[in-house]
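Visitor: After the sequence you'll find the predicted model.
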Amino acid sequence: MLCVYITKVTTKQKNTYKMAQEFTDSNFQKEVLDNDGLVVIDFWAEWCGPCKMIGPIVEELAQEYEGKAKIGKVDVDKNSDVSMKYGIRSIPTILFLKNGEIVDKQVGLTSKEGLKAKIEAQI
């Protein structure tokens, strides 16, 4: 009789790259408005299909532009004050702020190259 044992091997990998920062109603002043450089903010929600598509792009850009631009996300369902202040009516909406002022805006899904071009124009 031949016996075969199958062993399931699992490994856990940790993300070693920098992820986009989470901006909230409570930290927005300090992390965004008091920042002297470029801040890119992705307004999103868990239930939003296009947000899920652009989310990984935002994460990649946060890593690529570390030290050059601060890139983060605002969950509109959890942070209504900031979302209302900036009149966010459609998501995803990406705002580009420099020295606390809006310098560019992207509403809806776009490519990584499109976002990179907007970032490069501001840094």
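Guide: Looks like it came in fine.
Visitor: from memory residue 45 sits against residue 77, does it?
Guide: Yes - shown here, residue 45 and residue 77 form a contact pair, counting by Cβ atoms under 8 Å, at 5.2 Å. C-beta here means a position set from N, CA and C on the backbone, and glycine is covered the same way.
Visitor: So which other helices or strands are in contact with whichever strand or helix holds residue 51?
Guide: Taking DSSP states H and E as the criterion, residue 51 maps to helix 49-64. Under the contact definition 3 or more Cβ pairs under 8 Å, 6 or more residues apart in numbering; DSSP states H and E, helix 49-64 sits against strand 38-44, strand 70-75, helix 112-122.
Visitor: for it, which positions count as buried?
Guide: Neighbour-count burial for helix 49-64 flags 51, 54, 55, 57, 58, 59, 60, 61, 62 (criterion: 16 or more other Cβ atoms under 10 Å).
Visitor: residues in contact with the second one?
Guide: For residue 54, the contact set (Cβ atoms under 8 Å, 6 or more residues apart in numbering) comprises 42, 44, 92, 94, 109, 110.
Visitor: Could you tell me how far the last one is located from residue 79?
Guide: Separation of residue 110 from residue 79 (Cβ to Cβ, to the nearest Å): 22 Å.
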